[in-house]
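Enquirer: I would like the atomic coordinates for the input below:
(chains A and B)
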Amino acid sequence: MSLDFSRFILVLFLIWSVFSPEVVNAREVRLRLIHLNDFHGFALPQKVPGGEGEEGGAAYMAYQVEQLRRQHPTLLLAAGDMVHGDNWANLFKGASVIALMNLMGFDAMALGNHDFNYGQQVLEQLIAAACFPVLGANVQGVKGLQAFVVKSVGGLRVALIGVVTSDVPVTTHPRNVMGLTFVSPEEAVRALVGKLRPQVDLVIVISHQGYAQDRELAARVPGLDVIVGGHSHTKLEEPAVVAGVIIVQAYEHGRRLGVLDLTWRDGKIVAHEGRLLPIRPASGQSDPKVAALVARYQKKVDQVLGEPVGYTDVVLEGDSELVRTRETNLGNLVADIIRAKTKAEVALINGGSIRKSIPPGSIRRREVYAALPFDNYLVALRLTGRQLKEALEHGVSKVEEHAGAFPQVSGLSFTYDPKGPPGSRVREVLVGGQPLEMTREYVVATNDFLVAGGDGYRMFQEALGGPTGYENVGGVLKSPKLVYVNPGRWLREEVVDFLRAHPRLAPRVEGRIRESQ
Amino acid sequence: MKVYVNDRPVELLPGMRVRHALLGAGLLPELEAGRKVYDDWGNELGLDGALSPGMKLWVK
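Expert: Predicted coordinates:
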């Protein structure tokens, strides 16, 4: 036998030993899952109120990923809501995040509800740009989206199935999911597990449906090994085990990186160990290529923020002592934009949502963002005249304290006595020039902050407490009380759009809010 | 959608998040002061975490 032939036989044996199920079954494999969820484009370190200094930072995370990869065969997985949230993502419609994930070498990603926020066309472009499969087994109609992928790693065949919450139509603008079909995650997973289980060594679900729902999935669908979760932003410090299925989730915004080590032997997982690795800026622990990519996009962010988006002939008054005590021209402008966008009869926002004035001249995007720094979105509800009057009463009830609740309005005018007893200060209220009718319903637009009860406004929650029955009507989520909602777009972006469409402004104080004598 | 914060019911729109529930319960400033929010299993939650109907949150 020649030496070459002997080598050939040896190579054949090695190939067989790697891929033969019998041989794989006879040995032990260590597999590492590194997982991230609900990143929301936070590529730069963040300081969170009540937090522990700066956390997160994609370059620091990438450094840790590379260290972890050196120790075991690894899969790097993302459990959804990756591409929308922070300016670093939003100003590029998520393309910056996909570039980052390509550079970091992600192996797969499940879709999250907010990954639909830029609309279907952009989502399909992002999927096409990704060097990794984007998974959504319970979604039909998105080009390029895969139900599952099978990866070979460490000699194991691993099925990765992606699912997203079936609540997507109510957690992004319904227009973004028009024409798509969503089935229940459980139904989709159950159907696939039956087919895939006999062909693979491990079945992993990458799930963007929330921790409670992941526990239910584990309990109800046999044949799963691991669920890598997201959506509820759960800081699951150690893996949970439900019906023998290991469940993990890694908090939010890249502040933690999940690590799950699996020991596989004789056809099953025989041991596991999981942890959340804090991601923090640390000297010498930054991936230089990722740091360069983050900096490159951040430079573009700065350029975009510096772009002129409009022009004002007058100061747009947004300083706290103004918007919390009286009608201002910026308050009027923002309220008018909200009312126009939602086609409501009235708009009412809290003065505290406006934080800064904009000087006359060219308006840069940065100045709009500074004036409206909060991630607020638009909502319109049906309120009775009585509830609307109560909202106005509440808004002026602490004017002497310069409370953020002070209203800025559109579509109505009113007078109030600042020295009257709180709750009985509002006098005449006119809507569209007509006296307010207490029992009539009015469509009132506002922001999500007030609808949730922010600044003490309870009237919107009271309005929501009636019959529900939410449905998608022509691409808009509606119910007997809800007229408009778009959780996927911030108010400041609507203002930028308006400024671009109206390149020269000179809004005035018009007597919408007057103090009675 | 109704959720519960420290056993107190809070009415919210579908799609609203943990921060909205805390706003509705008047407890958001507590988190800024260093307290945390947990789910029914004792896991800490992020403020942008999704809610589901009937979910119970605990601020402590």
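Enquirer: And the pLDDT at residue 9?
Expert: Since no chain was named, I'll use chain A. Here the pLDDT value assigned to residue A:9 is 56.
Enquirer: actually chain B
Expert: Residue B:9 carries a pLDDT value of 93.
Enquirer: My reading is that it lies in a strand. Confirm?
Expert: Yes - counting by DSSP: H, G, I helix; E, B strand; the rest coil, one finds residue B:9 located in a strand.
Enquirer: out of everything not next to it in sequence, what's closest to it?
Expert: Distances taken as CB to CB, 6 or more residues apart in numbering or on different chains place residue B:2 nearest to residue B:9, at 5.4 Å, with adjacent residues excluded. Heads up, the C-betas are built off the backbone N, CA and C, glycines and all.
Enquirer: Residues in contact with stretch A:268-285: which ones?
Expert: Residues from elsewhere that reach stretch A:268-285 (CB atoms under 8 Å, 6 or more residues apart in numbering or on different chains): A:28, A:45, A:53-57, A:60-61, A:63-64, A:202, A:225-226, A:235-239, A:246, A:248, A:250-251, A:254-264.
Enquirer: Apply the buried test to those and list what passes.
Expert: A:45, A:54-57, A:60-61, A:63-64, A:202, A:225-226, A:235-236, A:239, A:246, A:248, A:250-251, A:254-262, A:264 (16 or more other CB atoms under 10 Å in any protein chain shown).
Enquirer: Quick check: which of the residues you listed are also close to chain B?
Expert: Under the cut-off given by CB under 8 Å from any CB of the partner chain, chain B has A:235-236, A:251 from the buried ones among the contacts of stretch A:268-285 close to it.
Enquirer: Looking at the residues you listed, which is nearest residue A:188?
Expert: Nearest to residue A:188 among these: residue A:236, at 23.0 Å, using CB to CB.
Enquirer: If residue A:156 is in a bridge, with which residues?
Expert: residue A:153 (DSSP bridges).
Enquirer: Please give the element, helix or strand, for residue A:333.
Expert: Using DSSP states H and E, the element containing residue A:333 is helix A:329-342.
Enquirer: Among the contacts of stretch A:268-285, which ones are in helices?
Expert: Under the assignment DSSP state H, the contacts of stretch A:268-285 contribute A:60-61, A:63-64 to helices.
Enquirer: got any ranges where chain B has weak pLDDT?
Expert: Applying pLDDT under 70 to chain B picks out no residues at all.
Enquirer: List the contacts of the nearest residue to residue A:128 once chain neighbours are set aside.
Expert: Counting by CB to CB, 6+ apart, residue A:128 lies nearest to residue A:144, which is 5.6 Å off, once chain neighbours are set aside. Counting by CB under 8 Å, 6+ apart, residue A:144 makes contact with A:124, A:127-128, A:134.
Enquirer: could I get the ones in helices among the contacts of stretch A:268-285 as a markdown table with distance to residue A:386?
Expert: Converted to a markdown table, the ones in helices among the contacts of stretch A:268-285 look like this (distance: CB to CB, whole Å):
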| residue | distance to residue A:386 |
| --- | --- |
| A:60 | 53 |
| A:61 | 52 |
| A:63 | 58 |
| A:64 | 56 |
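Enquirer: quick one: which of the residues you listed is nearest to chain B?
Expert: residue A:61 (16.1 Å; CB to the nearest CB).
Enquirer: What separation do you get for the nearest residue in space to that closest one that is not next to it in sequence and residue A:351?
Expert: Excluding its sequence neighbours, the residue lying closest to residue A:61 (CB to CB, 6+ apart) is residue A:279, at 4.8 Å. Residue A:279 is 37 Å from residue A:351, where distance means CB to CB, to the nearest Å.
Enquirer: re the thing from before, what about the residue nearest to residue A:128, which SS state?
Expert: Residue A:144 falls in the coil class when you classify it by three-state DSSP.
Enquirer: For residue A:129, see how far away it is.
Expert: For residue A:144, the distance to residue A:129 equals 10 Å [CB to CB].
Enquirer: Residue A:294 now?
Expert: Using CB to CB, one obtains 17 Å as the distance from residue A:294 to residue A:129.
Enquirer: In terms of neighbours, single out the busier of the two.
Expert: Shown here are residue A:294 and residue A:129; by other CB atoms under 10 Å in any protein chain shown, residue A:294 has more neighbours (23 against 15).
Enquirer: longest single helix anywhere in chain B?
Expert: Ranked by residue count, the top helix of chain B under DSSP H comes out as helix B:18-24.
Enquirer: is that one anywhere near chain A?
Expert: Yes - using CB under 8 Å from any CB, we find that helix B:18-24 touches chain A at B:18-21, B:23-24.
Enquirer: doesn't residue A:215 fall inside a helix?
Expert: Yes - assessed with three-state DSSP, residue A:215 lies in a helix.
Enquirer: Quick one: neighbours of it, just the number.
Expert: For residue A:215, the neighbour count with other CB under 10 Å is 18.
Enquirer: and what of residue A:253?
Expert: Neighbour count for residue A:253, taken as other CB under 10 Å: 25.
Enquirer: Now do the same for the nearest residue to it once chain neighbours are set aside: helix, strand or coil?
Expert: The shortest distance from residue A:253 to any non-neighbouring residue, by CB to CB, 6+ apart, is to residue A:42 (4.1 Å). Here residue A:42 is recorded as coil under three-state DSSP.
Enquirer: contacting residues around the spatially most central residue of chain A?
Expert: For chain A, residue A:114 is the residue whose C-alpha lies nearest the centre (CA atoms, centre = their mean; 4.7 Å). With contact taken as CB under 8 Å, 6+ apart, residue A:114 is in contact with A:40, A:81, A:83-85, A:171-172, A:488.
Enquirer: For PyMOL, what selects the buried ones among these?
Expert: This is the PyMOL syntax for the buried subset of these, where burial follows 16+ other CB under 10 Å:
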select buried, chain A and resi 40+81+83+84+85+171+172+488
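Enquirer: Test my guess that residue A:202 contacts residue A:161.
Expert: No - using CB atoms under 8 Å as the test, residue A:202 is too far from residue A:161 to be in contact (11.2 Å).
Enquirer: ok, for residue A:107, nearest residue in space, not its chain neighbours?
Expert: residue A:75 (4.7 Å).
Enquirer: pretty sure that neighbour is in a helix, no?
Expert: No - Residue A:75 sits outside any helix when classified using three-state DSSP, being strand.
Enquirer: give me every residue that touches the residue in chain B sticking out farthest from the centre.
Expert: Relative to the centre of chain B, and counting by CA atoms, centre = their mean, the farthest-placed residue is residue B:33 at 15.6 Å. For residue B:33, the contacting residues are residue A:50, by CB under 8 Å, 6+ apart.
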